[in-house]
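[1] sequence and predicted structure below; questions after.
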Amino acid sequence: MLQYADNTLFFCKAKSKSVFNLKVMLNCFELASGLKVNFSKSRLGGIGVEQTEILHFAKILNCEVMSIPFKYLGMPVGGCHKRGEFWDEVVNRVKKRLGRWKGRFISMAGRICLIKSVLSSIPLFYLSLFKIPSIVLKKIVSLQRNFLWGWGSDGRKIAWAAWDKVCKPKEAGGLGIINVRQFNLALMGKWIWRLKTEAGGLWKEVLESKYGGWRGLKEQRDNKSKVSLWWRDLRKVWRSEDWGGKFEDRLNLEVGNGREIMFWSDNWIVSEELKSTFPRLYGSWVSF
């Protein structure tokens, strides 16, 4: 059972006995607390379970069947974020928000402010959890570019500066518009930072038990077929974008009892591992 805010999630085996026991438990809760469970607002779903069984279980609980993917707290759960249709809602909302205005009715400064506000509000939750695909990135940047240089015209727009320069800070000669790709990497990198610096938390315990946590980002020991797409993207941010090295350079490690920081394998005293700095000593220690 998991609880968050005013929601409660129950997990059980796909058996009629388990579902009946769940219903009995909820009925006991009603009698003990005086509260009543609203089954009409409850949803039941299954993973790897036949649809006929799910319908049978939903009939027992007198609730509706939940389709996958579904939304929870505004975020889609169960979908593949690598597909373009997963981001259709975000792209359509950005397009709708920018499409309400015609460039000829607002100044350049107004268009820049609107682009910043739309980007920082609409796709924020998606970008903070999922690595944006290249095709979706191009769509969002195209919408921003057309709105900035369009001036309300229906014909071909003229871009007066390269988009990379437009996304530079004003101090560097740009317009200060957020670079979507860098913004996405920064939000993904926040998970890496939290994974190392935060103490406790159910999400961290799950990642540590399944993938090895912070150390699992550095090692290539797991099979791709057993690794989630989200964790795979996080490892790409660690390796391909070299965020791992940037984070480690800004951390002061202490060996302590050796459970989290390894004496020979981590950079806790010099710029590289002690096993690389003193290979002969490390070899004799291992053989001993």
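    Alright, I've got the coordinates.
[2] contacts for stretch 53-63?
    By Cβ atoms under 8 Å, 6 or more residues apart in numbering, the list of residues contacting stretch 53-63 from outside reads 14, 16, 19-20, 22-23, 39-40, 42-46, 64-65. To be clear about C-beta, it is placed using only N, CA and C from the backbone, and glycine gets the same treatment.
[3] filter the residues you listed down to the buried ones.
    Applying 16 or more other Cβ atoms under 10 Å to the contacts of stretch 53-63, the neighbour count classes 19, 22, 23, 42, 44, 45 as buried.
[4] output these as a markdown table; include the columns distance to residue 187 and secondary structure.
    Below are the buried ones among the contacts of stretch 53-63 laid out as a markdown table (distance: Cβ to Cβ, whole Å; DSSP: H, G, I helix; E, B strand; the rest coil):
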| residue | distance to residue 187 | secondary structure |
| --- | --- | --- |
| 19 | 39 | helix |
| 22 | 37 | helix |
| 23 | 41 | helix |
| 42 | 32 | coil |
| 44 | 33 | strand |
| 45 | 28 | coil |
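[5] max pairwise distance over those: which two?
    23 and 45 (16.4 Å; Cβ to Cβ).
[6] tell me if residue 46 really is in a helix.
    No: judged by DSSP: H, G, I helix; E, B strand; the rest coil, residue 46 forms no part of a helix; its state is coil.
[7] quick one: contacts for it?
    Applying Cβ under 8 Å, 6+ apart, we find residue 46 in contact with 14, 53, 54, 57.
[8] out of the residues you listed, who's the most crowded?
    In terms of neighbours by other Cβ atoms under 10 Å, the contacts of residue 46 top out with residue 57 at 24 neighbours.
[9] what comes up buried for the helix or strand harbouring it?
    Per DSSP states H and E: residue 57 is located in helix 51-61. For helix 51-61, burial by neighbour count (16+ other Cβ under 10 Å) applies to 54, 57, 58, 61.
[10] likewise stretch 168-184?
    Under the neighbour-count criterion of 16+ other Cβ under 10 Å, stretch 168-184 has 168, 174, 175, 177, 179, 180, 181, 183, 184 buried.
[11] can you list the buried ones among the contacts of stretch 53-63 in a markdown table and add pLDDT?
    Shown next, in a markdown table, are the buried ones among the contacts of stretch 53-63 (pLDDT from 0 to 100):
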| residue | pLDDT |
| --- | --- |
| 19 | 88 |
| 22 | 88 |
| 23 | 88 |
| 42 | 86 |
| 44 | 87 |
| 45 | 84 |
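[12] out of those, who's nearest residue 208?
    residue 45 (26.8 Å).
[13] pop the domain breakdown of the chain in here.
    2-68, 84-178, 188-251 (automatic domain parsing).
[14] export the ones you listed as CSV, with columns for distance to residue 269.
    Output for those, formatted as CSV (distance: least, Cβ to Cβ, whole Å):
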stretch, distance to residue 269
domain 2-68, 41
domain 84-178, 34
domain 188-251, 13
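[15] coming back round to it: now the element after the helix holding residue 57, going C-ward?
    Proceeding N to C from helix 51-61, the next assigned helix or strand is strand 64-65, under DSSP H and E.
[16] so where is the stretch 101-250 of the chain shaky, pLDDT-wise?
    For the stretch 101-250 of the chain, the stretches flagged by pLDDT under 70 are 101-104, 120, 151-157, 219-225, 241-250.
[17] give me that answer again for 80
    Low-confidence segments of the stretch 101-250 of the chain (pLDDT under 80): 101-107, 118-122, 150-159, 196-197, 199-200, 213-226, 239-250.
[18] follow-up on the earlier one: report the two of the buried residues of stretch 168-184 separated the most.
    So, the buried residues of stretch 168-184 by Cβ to Cβ: farthest apart are 175 and 184, at 19.3 Å.
[19] looking at the buried residues of stretch 168-184, spot the one nearest residue 9.
    residue 184 (28.2 Å).
[20] my read: that closest one touches residue 131, true?
    Yes: the pair residue 184 / residue 131 is scored as a contact, 6.5 Å apart, by Cβ atoms under 8 Å.
[21] against residue 97, how distant is residue 196?
    As judged by Cβ to Cβ, to the nearest Å, residue 196 and residue 97 stand 36 Å apart.
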